[in-house]
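Asker: For reference, the sequence and a predicted model appear below.
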Amino acid sequence: MAEYEIECCETTEVHEELLKVVQEKMPEEERLYDLAELFKVFGDSTRIRILFVLFEAEVCVCDLAEALNMTQSAISHQLKILKQNKLVKSRREGKSIFYSLADGHVRTIIDQGLEHIEEE
């Protein structure tokens, strides 16, 4: 990745009208915190790999463990985090629990991220 130099203003000039617009549009601190916490969930490659499996199919923990060459315990731990953050949902079928994406937003977030990192 190329190194970027950050340029700064040569003088201090506050643009009051611009700041007023920004302050009116800025979400509340609690919402910003919640958004930052959501993005932290995407900061783990195992969770990203789980989501990619779920893009293709609704699966149980056994299937995920096999697909990702991990233990069921490790998969369950990551699924708990994904479920707490409303990124996946589960349903019981007999003795199995099947997981799927919670909604279409999850795929959109990942797709947007991929599009961003693939830009030149």
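Answerer: In hand now; what should we look at?
Asker: Could you pull up the residues touching the residue nearest to the spatial centre of the chain?
Answerer: Most central in the chain under C-alpha atoms, centre = their mean is Phe42, positioned 3.5 Å from the mean C-alpha point. Neighbouring residues of Phe42 by C-beta atoms under 8 Å, 6 or more residues apart in numbering: Ile48, Ile109, Ile110, Gly113. (Glycine included, C-beta is placed from N, CA and C.)
Asker: Could you confirm the last one falls within a helix?
Answerer: Pointing back at Gly113 there. Yes: secondary structure assignment places Gly113 in a helix (DSSP: H, G, I helix; E, B strand; the rest coil).
Asker: for the residue lying closest to it once chain neighbours are set aside, phi and psi?
Answerer: Closest residue to Gly113 apart from its sequence neighbours, by C-beta to C-beta, 6 or more residues apart in numbering: Phe42 at 7.2 Å. Phe42 has phi and psi values of phi -80, psi 0 when expressed as degrees, to the nearest 10.
Asker: roughly how far apart are Phe42 and Gln112?
Answerer: 11 Å (C-beta to C-beta, to the nearest Å).
Asker: next one: Glu56
Answerer: From Glu56 to Gln112 the distance is 19 Å (C-beta to C-beta).
Asker: Gly113 and Met70, how far apart?
Answerer: 22 Å.
Asker: These two - which one has more neighbours?
Answerer: Met70 (16 against 13; other C-beta atoms under 10 Å).
Asker: So the more buried one belongs to a helix, correct?
Answerer: No: if the criterion is three-state DSSP, then Met70 is coil and not within a helix.
Asker: pretty sure it contacts Arg47?
Answerer: No: contact criterion C-beta atoms under 8 Å: Met70 and Arg47 do not qualify, at 11.7 Å.
Asker: Among the contacts of Phe42, name the buried ones.
Answerer: Ile110 (16 or more other C-beta atoms under 10 Å).
Asker: Right, I'll call it a day here.
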